[in-house]
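Engineer: Sequence and predicted structure below; questions after.
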Amino acid sequence: MCTIVPTQYIYLHPLIAGAPVGKSNPVSETNRDLNLDKFEDFVSELTTPSPPPWSSALSGLGKRLSKLPRPTSGLVKHDWVDTFRGYLLPDPGYFVRGYRETPDRVNKLLLVWLYLRSGWMARISTPNYTVEPGKDNEEPKRKTPSPQQWKDFLMKVGRGMGLDFNADSNSASASHVASSAHSSSTPRAGSFSQSHSASRGGMSRNAGSQSRHMHPPKKSKPRKKSQAEFEDEFRFSIDLQNWPMDLYWDGDIVRSKDTSLSIPLPLSTLRLIVWDLVENNWRAELLILDRCLVPRTTMTSAEQTERDNQVAGVFSGGDLIVWRMPMHDRGLGAEHWQHRAVYVEAFCELLSAWPGEEARRLAEMSAGTAVSDHLTAQNVLDMETVAYPFYCHMFFQYFGRAATIPCAMPRS
């Protein structure tokens, strides 16, 4: 069940509470594997579209990176580059790209996430989730889970709930050929009305490879982790004593404890759950990046709160976390520019404090739009055309992967 927590108690994973950044130096020796497909749109029944300026910003960055022999060789060196290469919440891209081939498996995994969501959101919103940097008892930095770690974790919990994933994997290969043929004939989304995701899918490839879908070398089958190992890795206790139980989404029961696990969740509910993952990952990533570019270590407590509130002001509802589904499609992922305008202004003002020529341009653009009601579609587009590529580029420079970008809220 979703629980509303006051904004002042939202910490969003204390690993980023201090989010310190020392000197920002290029890491010339680094050449990481890069999943270029995550910079592209991916058509799926589970997704709603991102505004075209967002999609263009991310795909444009991906195209530029694809032309570089070592696209990750110039990442900024800082203490948190590895810590936040993963995802604070499950990567929605995994569900998006997997739904076409194994919809039953994706449905089950999202059911598991629904069971875990309230506890996980409460866990990452507490100040004692981990020690803060700089304390005497500081532990080694814990990385946010990778998409594969999230998948393994959800499947581990799912099996404990009585879910069978074997049938899904057996049927996946049978449908792969037909699915691939359909995928190759499906055009990339070229207009905002088409369904494409804010979270990108695709095969991982080496940054210097010529093929976007190059299969990695076969590796030996990894040893299955125990429940204790998962709990230590995620710092989250897996408690199934109350299962089966009623499952809630946005205050309503979507799965009664007496309902068979073989009955899938409605597609409309799945779309809302995926949107929630996209939105919360995007909010967390913006806060993380802002704390890197505008370090809080030299700020007073009041200044830190003021800056974090400015970040929250970029989002619909003014919160760092989405606890309940919004009533209306508002924010930087909204379909209509009128519903993005005030948030675009706030976004530009936030980014104007970052380093770089784009930040200076955004400061000048923001200064000329004091009254949001007077903005026109062209005003908004002009700011988006500068702000969104700037954001996507900076996120990549600091974390070496594609940013999660916002998308429109699914229609009920």
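Structural biologist: Arrived safely, thanks for sending.
Engineer: quick one, strands of the stretch 201-350 of the chain?
Structural biologist: 247-249, 252-255 (DSSP state E, counting those that start in this stretch).
Engineer: just for the protein, where's the confidence low?
Structural biologist: 1-32, 126-142, 167-223, 366-373, 412 (pLDDT under 70).
Engineer: Who are the contact partners of the residue most central in space within it?
Structural biologist: Central residue of the chain (Cα atoms, centre = their mean): Asn281, 3.2 Å from the mean position. Shown in contact with Asn281 (Cβ atoms under 8 Å, 6 or more residues apart in numbering): Tyr87, Leu88, Leu89, Asp91, Pro92, Ser199, Thr404. Using the backbone N, CA and C atoms, a C-beta is placed for each residue, glycine as well.
Engineer: just Ser56 next, same as before
Structural biologist: Here Ser56 is in contact with Tyr388 (Cβ under 8 Å, 6+ apart).
Engineer: how near is it to Ser301?
Structural biologist: Using Cβ to Cβ, to the nearest Å, Ser56 is found at 39 Å from Ser301.
Engineer: of all the strands of the stretch 201-350 of the chain, which gets the most neighbours per residue?
Structural biologist: Of all the strands of the stretch 201-350 of the chain, strand 247-249 carries the top mean neighbour count, a mean of 18, counting by mean count of other Cβ atoms under 10 Å.
Engineer: which helices and strands does it pack with?
Structural biologist: Using 3 or more Cβ pairs under 8 Å, 6 or more residues apart in numbering; DSSP states H and E as the contact test, the elements touching strand 247-249 are helix 103-124, strand 252-255, helix 267-293.
Engineer: Among the ones you listed, which comes closest to Asp82?
Structural biologist: Closest to Asp82 of these, according to Cβ to Cβ: helix 267-293, at 12.9 Å.
Engineer: Give me the angle between that closest one and helix 103-124.
Structural biologist: 40 degrees (axes from the mean of the first three to the mean of the last three Cα atoms, to 10 degrees).
Engineer: Can you give the distance of helix 267-293 from its chain's centre?
Structural biologist: 5 Å (Cα atoms, centre = their mean, to the nearest Å).
Engineer: Buried residues, that helix. List them.
Structural biologist: For helix 267-293, the neighbour count (16 or more other Cβ atoms under 10 Å) marks 269-293 as buried.
Engineer: and Pro244, how many neighbours?
Structural biologist: 15 (other Cβ atoms under 10 Å).
Engineer: what about it, distance to Leu111?
Structural biologist: Counting by Cβ to Cβ, the gap from Pro244 to Leu111 is 11 Å.
Engineer: One more: Pro295?
Structural biologist: Applying Cβ to Cβ to Pro295 and Leu111 gives a distance of 40 Å.
Engineer: Looking at the two, which is more packed in?
Structural biologist: Taking neighbours as other Cβ under 10 Å, Pro295 and Leu111 compare with Leu111 leading, 22 against 15.
Engineer: wouldn't that one be in contact with Pro266 here?
Structural biologist: No: using Cβ atoms under 8 Å, Leu111 is not in contact with Pro266, being 11.7 Å away.
Engineer: ok, back up a step: got the helices and strands packed on strand 247-249 as a markdown table, with distance to Pro51 columns?
Structural biologist: Rendered in a markdown table, the data for these read as follows (distance: least, Cβ to Cβ, whole Å):
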| stretch | distance to Pro51 |
| --- | --- |
| helix 103-124 | 25 |
| strand 252-255 | 29 |
| helix 267-293 | 13 |
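Engineer: Correct me if wrong: Met155 contacts Leu109.
Structural biologist: Yes: contact criterion Cβ under 8 Å: Met155 and Leu109 qualify, at 7.1 Å.
Engineer: Same drill for these two, tell me which one is more crowded.
Structural biologist: Neighbour count, other Cβ under 10 Å: between Met155 and Leu109, Leu109 has more, with 25 against 16.
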